[in-house]
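Novice: need coordinates for the following:
(2 chains)
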Amino acid sequence: MAERKIRVLLAKPGLDGHDRGAKVVAHAMREAGMEIIYTGLHQTVASIVNQAVQEDVDVIGLSIMSGAHIPICKKLMGMVKEQGVDNKLVVVGGVIPNKDIPVLKEIGVEGIFPGGSYFNDIVDFIQENVANR
Amino acid sequence: MGVATYIKDEKDAIKEVILQSGIKVKPVYTPDDLERIGFDYKEDLGDTGEFPFTRSIHPQGFRSRNWTTRQYTGFGTPEETNERFKLMISHGQTGLNVAFDLPTQMGYDSDDEMSEGEVGRVGMAVDSLKDFEIAFKDIQLNRIGSGLTINAVASVMLAMYQSVAEGFGYNKTEISATPQNDILKEIVGRGAWIYPVEPAVRMIGDTIEYAMKELPRCNPVSVCGYHIRESGCTPAQEISYAFMIAFAYIDNVVARGYKAEDFVGRFSFNLNIFGNLWETVAKFRSARKLWAKLLRERYDVQNKKALFLRGIFGGGGSGMTKQQPENNIVRGAYYALAAALSGAQTTALCSFDEAYTIPTERAALLSLRTFQVLMDEIGLRDTVDPLAGSYFMETLTKEMEEKILEEMEKVEKMGGMMEAVASGYVQREVGRQAYEFERKLQSGEITKVGVNKYTEGVDMEVELHEYNDEWAQLQIDRLKELKRERDNRAVSESLKALERAAKEKKNVMPYLVTCCKSYATVGEMANVFRDVFGEYREPSIF
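Specialist: Residues are numbered from 1 along each chain as shown, chains lettered A, B, ... in the order given. Here you go, the predicted model:
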């Protein structure tokens, strides 16, 4: 039987419209055999969580370039818990200073990939962590 | 700036160089190359300041006029922005380049749910004319020109700028504003869109028509190849997409019964300096030439000044790296050199902390000093178009011209830029190039110093311009106070008149000025358009 493909919801929360990174990572994940659902721009956290539930994804990937990653991730992790879907792997990429990485981990974001991260690192991380669930 | 594909032999000697636009570079160029491309001085270059302006739009280039520097500025509150404006002017900056926060760019007030966490973060928050009154206090608006980096609600911000200037006692005929006002590039590359393509382009037509009649010193549109390049396209595509976008705006105004000749001279371009040095210089030389030629051919523009490709050539942020950020200071200096060799009239540099944030004060000042070293110390004002006549540069300029035309042809075949964007063709093409570039970077096919080669060394942390939660509260409080104190009847009447104008497809600009002067908020005005026009939906590109 064919193995179920890893399903990833790739989301652009908030008002920031810089989506080069999100689209490039989407390409790379697809090449690695994952199934990608891209939300498009200007999403609210609530709509991202709803789409994650509806699409029954394994991973929620957020791309945030505006600097608002901490408040957005806090809100998302709260809603994920509320909806009882906190089994999903949450990863975030974008303009993220090193000093914010421990803060994001504490909030419950497992994978953090600042600009310049390698495709292989992202793909390996997701494959490992989804398999371990 | 070796952003190109290099094929090497086992001894590390370069066997082949392929520029991003797809042009192969030869090891040596000779007079035979000029003969091969049929180089003709008069036809291909012309004297400086003469058609087709390949060399320069001014006969004396930087000799007669040093370039204008416009670093991107705008932070948090209008008060803080005002302080930064004054600081940059006192350091010798000659124009402003205003950054707005995302809620303002997207037409939301600071107290809107969508604005949470974003008020004042990437630029100044503007809710109403009150904020402009604070931000532009004591700035001589008849002397200093302002670039307004805003698109979806550029019409609102141009009306706001006129309103603040008139309130300060300036005449609208003496103010100079350049709103970015390029919605098609937002849809392709930067994402700050609100309305569907058709009404969004019509509103750009409104600003052009209005500026032609009422704001003689304003440049209503700055067509941005810059951001499309940042999103991943090649240098040739950058120019071809920018020109096709400009034609879409020109066509809208021509359809209203005006001659392109009467307004196209007010267009300016925002183009990118990133990548291979030679390709960059050739790109600008061929772009100046093509713009003039195409305007003559397509729109029969004869007036010499209307044929100028004017604009800001700015150092691209995507060249900057998070790794070893001090290297960005050096990169910035070479981007500035490329701008100078290209004959930029106005320039700006991404600062060394650009991979993290909007520039800190220290970083913005360093960029300004970089320009000053070039112009005041190194001798770049000495002569115009110093690379002219080079066997290599003239061959490359001609080859770039051909590549640009090739890419334009593809869009033309789809029925023009509005169609090519609505269908998602351009977005797909740009996304594909971005992925290719990133893949080559990660595999080491393209070298990036400190990123995939020469990576040893300290990865320093840059000092960040911290976000302050108090800004949002301050803006929200000010907004509440405004809504209590303003004449709310006048506001609702002005908004109703705006709604009627939008429905009847009248030029909305005079109505926006009335709204601004009655202290209607940006969100209130943007929502009128949301109700009448609806919102844009992204085509699926995957």
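Novice: thought residue B:162 was touching residue B:215?
Specialist: Yes: contact status for residue B:162 versus residue B:215: in contact at 6.6 Å, counting by C-beta atoms under 8 Å. C-beta: built from backbone N, CA, C; applies to glycine.
Novice: overlap of the contact sets of the two?
Specialist: Shared contacts of residue B:162 and residue B:215, defined by C-beta atoms under 8 Å, 6 or more residues apart in numbering or on different chains, are found at B:172, B:175, B:177.
Novice: need the residues of chain A near chain B, please.
Specialist: Applying C-beta under 8 Å from any C-beta of the partner chain, one finds that chain A approaches chain B through A:12, A:14-20, A:23-24, A:26-28, A:30, A:36, A:38, A:40-42, A:44, A:66-68, A:71-72, A:95, A:97-99, A:114-116, A:118-120.
Novice: from these, which land in helices?
Specialist: Within these, residues falling in helices by DSSP state H are A:20, A:23, A:24, A:26, A:27, A:28, A:30, A:71, A:72, A:119, A:120.
Novice: in ChimeraX, select just the buried ones from those.
Specialist: The ChimeraX selection below is limited to those of those classed as buried (16 or more other C-beta atoms under 10 Å in any protein chain shown):
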select /A:20,23,24,26,27,28,71,72,119
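Novice: redo the ones in helices among the residues of chain A next to chain B as JSON lines? Include pLDDT and distance to residue B:131.
Specialist: Formatted as JSON lines, the entries for those read as follows, by pLDDT from 0 to 100; distance: C-beta to C-beta, whole Å:
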{"residue": "A:20", "pLDDT": "90", "distance to residue B:131": "31"}
{"residue": "A:23", "pLDDT": "92", "distance to residue B:131": "34"}
{"residue": "A:24", "pLDDT": "94", "distance to residue B:131": "36"}
{"residue": "A:26", "pLDDT": "94", "distance to residue B:131": "37"}
{"residue": "A:27", "pLDDT": "93", "distance to residue B:131": "40"}
{"residue": "A:28", "pLDDT": "94", "distance to residue B:131": "42"}
{"residue": "A:30", "pLDDT": "94", "distance to residue B:131": "44"}
{"residue": "A:71", "pLDDT": "89", "distance to residue B:131": "23"}
{"residue": "A:72", "pLDDT": "92", "distance to residue B:131": "25"}
{"residue": "A:119", "pLDDT": "94", "distance to residue B:131": "43"}
{"residue": "A:120", "pLDDT": "95", "distance to residue B:131": "46"}
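Novice: from the ones in helices among the residues of chain A next to chain B, which is closest to residue B:368?
Specialist: residue A:20 (27.5 Å; C-beta to C-beta).
Novice: in contact with that closest one, which residues?
Specialist: The contact partners of residue A:20, taken as C-beta under 8 Å, 6+ apart, are B:189, B:230, B:231, B:232, B:318, B:431, B:434.
Novice: residues near the residue in chain A that chain B sits nearest to, how many?
Specialist: Across chain A, no residue is closer to chain B than residue A:17, which sits at 1.7 Å (C-beta to the nearest C-beta). As a burial measure, residue A:17 scores 22 neighbours (other C-beta atoms under 10 Å in any protein chain shown).
Novice: and the closest residue in space to it that isn't next to it in sequence, how many neighbours?
Specialist: Counting by C-beta to C-beta, 6 or more residues apart in numbering or on different chains, residue B:191 is the residue found nearest to residue A:17 once chain neighbours are left out, at 1.7 Å. One way to gauge burial is a neighbour count; for residue B:191, by other C-beta under 10 Å, it gives 25.
Novice: who are the neighbours in contact with residue B:191?
Specialist: Counting by C-beta under 8 Å, 6+ apart, residue B:191 makes contact with A:12, A:16, A:17, A:18, A:19, A:41, A:42.
Novice: please apply the same query to residue B:48.
Specialist: Applying C-beta under 8 Å, 6+ apart to residue B:48 gives the contacts B:55, B:56, B:58, B:59, B:60, B:61, B:384, B:385.
Novice: using the three-state scheme, assign the second one.
Specialist: Of the three states, residue B:56 takes coil under DSSP: H, G, I helix; E, B strand; the rest coil.
Novice: which helix or which strand is home to residue B:400?
Specialist: Assigning secondary structure by DSSP states H and E places residue B:400 in helix B:391-413.
Novice: show me what residue of chain B gets nearest to chain A.
Specialist: Each residue of chain B has a distance to chain A, by C-beta to the nearest C-beta, and the smallest belongs to residue B:191, at 1.7 Å.
Novice: quick check: the gap between the closest residue to residue B:36 other than its chain neighbours and residue B:43.
Specialist: Take residue B:36 and drop its neighbours on the chain: the residue closest to it by C-beta to C-beta, 6+ apart is residue B:395, 7.8 Å away. Taken as C-beta to C-beta, to the nearest Å, the spacing of residue B:395 relative to residue B:43 amounts to 15 Å.
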